[in-house]
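Predicted model follows, preceded by the sequence.
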Amino acid sequence: MDKLRIDKWLWAARFYKTRTLASEEVVKGRVEVNGQEVKPAREVKVGDTVSMRQGPVTRSVVVKALSGMRGPAPVAQMLYEETAESLKAREQAAEQRRLAPEPAHSIEQGRPTKRGRRELDDAQRGWGDRWSASVDNDGKS
């Protein structure tokens, strides 16, 4: 076997869980072979460079072998070799995610705490029956 469909190779190399998912990602334009967007039926051969976007990270791999069967992960990892730039970019992205602030800390509003609820109730009692914060002047100017 000297050529294989890109969707089948991506599935066999365990980049995607099903061949259908691999095909959909190729159709969406998230996979490139040698710098060109491709269709699922595009054939890859040994030595081709495949770039795929998985979430926020773009992975670039060089095809080392072809297999039409999906096997165990150690065998699948022998089908490709990740480029040094791709490894470096993935490590940097992982480091940025690790150092990023916790998203929940940025939430300023939400359900009030028990103390906050009491403060709101106390403030509301001070308004009385007025519907506006302006001082009522009985229509006199």
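Right, received. Where do you want to start? Numbers count the residues shown, from 1 in each chain.

Please make it C-alpha for all contacts and neighbour counts, starting now.
Will do.

Name the single longest helix found in the protein.
Criterion DSSP state H: the longest helix present in the chain is helix 84-99.

So what's the model's average confidence on the next helix or strand after it?
On the C-terminal side of helix 84-99, the closest following helix or strand by DSSP states H and E is helix 114-125. For helix 114-125, mean pLDDT is 85.

What is the end-to-end distance of stretch 90-108?
32 Å (Cα to Cα, to the nearest Å).

Identify the residues contacting that stretch?
The contact list for stretch 90-108, computed with Cα atoms under 8 Å, 6 or more residues apart in numbering, reads 57-59.

Kindly confirm my reading that residue 17 is in a helix.
No: read with DSSP: H, G, I helix; E, B strand; the rest coil, residue 17 is coil and lies in no helix.

In contact with it: list those residues for me.
Taking Cα under 8 Å, 6+ apart, we find residue 17 in contact with residue 11.

Apply 10 Å and report the result again.
The contact partners of residue 17, by Cα atoms under 10 Å, 6 or more residues apart in numbering, come to 10-11, 70.

If you rank these by neighbours, which is first?
Neighbours here mean other Cα atoms under 10 Å. Within the contacts of residue 17, the largest count is held by residue 10, at 26 neighbours.

quick revisit: select only the buried ones of the contacts of stretch 90-108 in PyMOL?
Applied in PyMOL, the following selects the buried portion of the contacts of stretch 90-108 according to 16 or more other Cα atoms under 10 Å:
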select buried, resi 59
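
Turn the contacts of stretch 90-108 into TSV, columns for pLDDT and distance to residue 122.
Shown next, in TSV, are the contacts of stretch 90-108 (pLDDT from 0 to 100; distance: Cα to Cα, whole Å):
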residue	pLDDT	distance to residue 122
57	87	50
58	91	54
59	93	57
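
Please consider this matter closed, and thank you.
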